[in-house]
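Q: I'd like to go over a predicted model; first the sequence, then the structure.
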Amino acid sequence: MNPASSQGRGWLIAPVVALAAFMEIMDISIANVSLPHIAGDLSSSQSESTWVLTSYLVTNAVVMPISGWLSNTFGRKRFFLVCIAGFTLASLLCGFAPNLASLIALRALQGAAGGGLQPSGQAILADSFPAEKRGMASAIYGIAAVVAPTVGPTLGGWITDNYNWRWIFLINVPVGLVLLFLVTSLIREPPVTRDKNARTPVDWMGFGFVALCLGSLQIVLDRGQEDDWLGSGFITALILISAAAFALLIWWELRHPDPMVDLRLMRNPDFAVTFVLMLMVGFMLLGSTYLIPAYAQSLMGYRAVDAGMVLTPGGLATIALMALLGRIMNKIDARFLVAVGLVIGGVSLLWMTNFYLDISFEHLMAARVVQAASLAFLFVPLNAMAFRGLPATKTNNASALINLARNFGGSIGISFAATLLTRREQFHQSRLVEHLQQMNASYPDYARQLGSALGTAADAPATLASLYQSTIDQATLLSYLDDFKVLGLIFLALLPLLLLVKPGKAGAAAVAH
């Protein structure tokens, strides 16, 4: 057993690691609501300012899958400290960026440094606790991973409205300095699993394929809808590059004796299924976190901070349930917990198809609380299942892939939700407009009633403008309901995957030492 566990040090390590993950994950979403302010302050367009997000996500995606190899090669604690230091320094420099080009470059540096924080942190937790305590440790880490995307937009909006957008980056600096001190004091380097004198060849080809595949794919996901997907030659070229690099990555890494990304882990059925399910957890988490505030703002006129408050009670429910699940995981089959999470998540999203234009804040909040509750049942057992049956030497590599799955799932979820929303809105608008003509027997009566309410004639410009706005609102509403329905059905369709997983209690999903 790791000395940290035997001396109770693990319970001090868990919140420290969770705080590092929280800081990094929150930074993915905290800048979203500040983009208009950044664009205005740095004299750039809204479209150009989105590269502040894209540059971070691209480098983050490239570093995350290779963080296991970097931890094994340079030492996990040393790598973790370098990531914290790099993230803190990049945050400080972002806060003082003089122009958009420098901010984009610094955000890329920040994303690269942050890419190693989640996998390294989770691997540290896995090795800091014995099997019977690992469920509660996963719950502590899960709180950070699930709640941070919810808190980010709300906190970012509040800071930007009350202070300045630069503080969304500068607040990381004191947190990073405290983390450097705590990690240095508390965390110990795990036993070396390789000969220090052995010269291990660096898998530069593997790194190149990872960078091309994931970097290109992240740009596609982030910019695809804006550039009209395959209607853009740039996006089409990136899709082809990503697909070719992915095929070459699989061919190369499965043959390499010391691969940058250990794809051989996918031969373990439990790990492979867990990888897919974690991808979908990220898909639902960030996809729904994108949709619900957008619904509140676009259709109900909520401010960014008020829309964020719709998500807050759901975060509190997730925290409470994760603490509970951390205690009972040793007694219940992990597959059952995941099944409960998938059912609650799917049903809650289908429940959201009953939303309407005058829905109350309380109704919105209640739906989000139920949906957020499912994340606790998914995240905690899946993190435990991911390491079941794997040797300790594979902890770093497994953690890198699992965290990559969740993050990329989130990117796919946001891109999918935004694209479906736009396409369905166009569809519903075209269908509704077909009925706004004199051949429809109901149209003249409705136009007269609307004009009477406005004090104008049925064919007056004010009446027609109000009628058109009502049509737009209805089309937008229907597109959101379609999004919720598709997401809900996708999650219910994942239930058969659990048949491929071996039965076993989540708390027993221990890393073999």
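A: Great, that's in hand.
Q: quick one: the residue nearest the centre of the chain from residue 370, how far?
A: Nearest to the mean C-alpha position of the chain, by C-alpha atoms, centre = their mean, lies residue 410 at 3.7 Å. Distance, residue 410 to residue 370, using C-beta to C-beta, to the nearest Å: 20 Å. To be clear about C-beta, it is placed using only N, CA and C from the backbone, and glycine gets the same treatment.
Q: quick one, what contacts the residue nearest to the centre of the chain?
A: 28, 149, 282-283, 285-287 (C-beta atoms under 8 Å, 6 or more residues apart in numbering).
Q: and it, what helix or strand is that in?
A: Per DSSP states H and E: residue 410 is located in helix 395-433.
Q: Residues in contact with stretch 163-177: which ones?
A: Residues contacting stretch 163-177 (C-beta under 8 Å, 6+ apart): 19, 23, 27, 30-31, 34, 37-38, 41, 84-85, 87-88, 91-92, 94-96, 110, 155-156, 159-160.
Q: Among these, name the buried ones.
A: For these, a burial check counting by 16 or more other C-beta atoms under 10 Å picks out 19, 23, 27, 30-31, 34, 37-38, 84-85, 87-88, 91-92, 94-95, 110, 155-156, 159-160.
Q: okay, now the closest residue to residue 348 other than its chain neighbours: neighbour count?
A: Spatially, and ignoring its direct neighbours in sequence, residue 348 is nearest to residue 371 (3.9 Å; C-beta to C-beta, 6 or more residues apart in numbering). By the criterion of other C-beta atoms under 10 Å, residue 371 has 29 neighbours.
Q: Tell me the helix or strand right after the helix or strand of the chain with the lowest mean pLDDT.
A: Every helix and strand of the chain was ranked by mean pLDDT, DSSP states H and E. The lowest is helix 3-6, at a mean of 43. On the C-terminal side of helix 3-6, the nearest following helix or strand under DSSP H and E is helix 10-29.
Q: which helices and strands sit right next to that following helix?
A: helix 51-74, helix 76-95, helix 100-114, helix 117-128, helix 134-162, helix 172-186 (3 or more C-beta pairs under 8 Å, 6 or more residues apart in numbering; DSSP states H and E).
Q: separation between the residue nearest to residue 348 and residue 292?
A: In terms of C-beta to C-beta, residue 371 sits 8 Å off from residue 292.
Q: And for residue 348?
A: 11 Å.
Q: Likewise for residue 119?
A: Counting by C-beta to C-beta - residue 119 and residue 292 are separated by 28 Å.
Q: Could you check which of those two is surrounded by more residues?
A: Neighbour count, other C-beta under 10 Å: between residue 119 and residue 292, residue 119 has more, with 33 against 25.
Q: Just the mean pLDDT for the helix holding residue 410, thanks.
A: What helix 395-433 shows for mean pLDDT is 89.
Q: Just name whatever secondary elements the following helix or strand past that helix is in contact with.
A: The element immediately downstream of helix 395-433 (helix or strand, assigned by DSSP H and E) is helix 442-454. On a contact count with 3+ C-beta pairs under 8 Å, 6+ apart, helix 442-454 meets helix 461-493.
Q: got the buried residues for the helix it packs on?
A: Buried, per 16+ other C-beta under 10 Å, within helix 461-493: 463-464, 466-467, 471, 475-484, 486-488, 490-491.
Q: With stretch 118-134 instead?
A: 118-129, 131, 133-134.
Q: Taking those residues together, which two end up most distant?
A: 118 and 131 (22.0 Å; C-beta to C-beta).
Q: The stretch 201-350 of the chain: helices as residue ranges?
A: 204-223, 233-253, 269-300, 304-328, 334-351 (DSSP state H, counting those that start in this stretch).
Q: The ones you listed: which one's closest to residue 186?
A: Here helix 304-328 is closest among the helices of the stretch 201-350 of the chain (C-beta to C-beta), at 20.3 Å.
Q: Buried residues of the closest one, list them for me.
A: By 16+ other C-beta under 10 Å, the buried positions in helix 304-328 come out as 304-315, 317-319, 321-323, 325-326.
Q: Tell me the buried residues in stretch 282-291?
A: Using 16+ other C-beta under 10 Å as the test for burial, stretch 282-291 gives 282-291.
Q: Can you pick out the most distant pair from those?
A: 282 and 291 (14.5 Å).
Q: Where does the prediction get shaky in the stretch 51-200 of the chain?
A: For the stretch 51-200 of the chain, the stretches with pLDDT under 70 are 131-135, 191-200.
Q: Repeat that for the stretch 301-450 of the chain.
A: Checking the stretch 301-450 of the chain against pLDDT under 70 turns up nothing.
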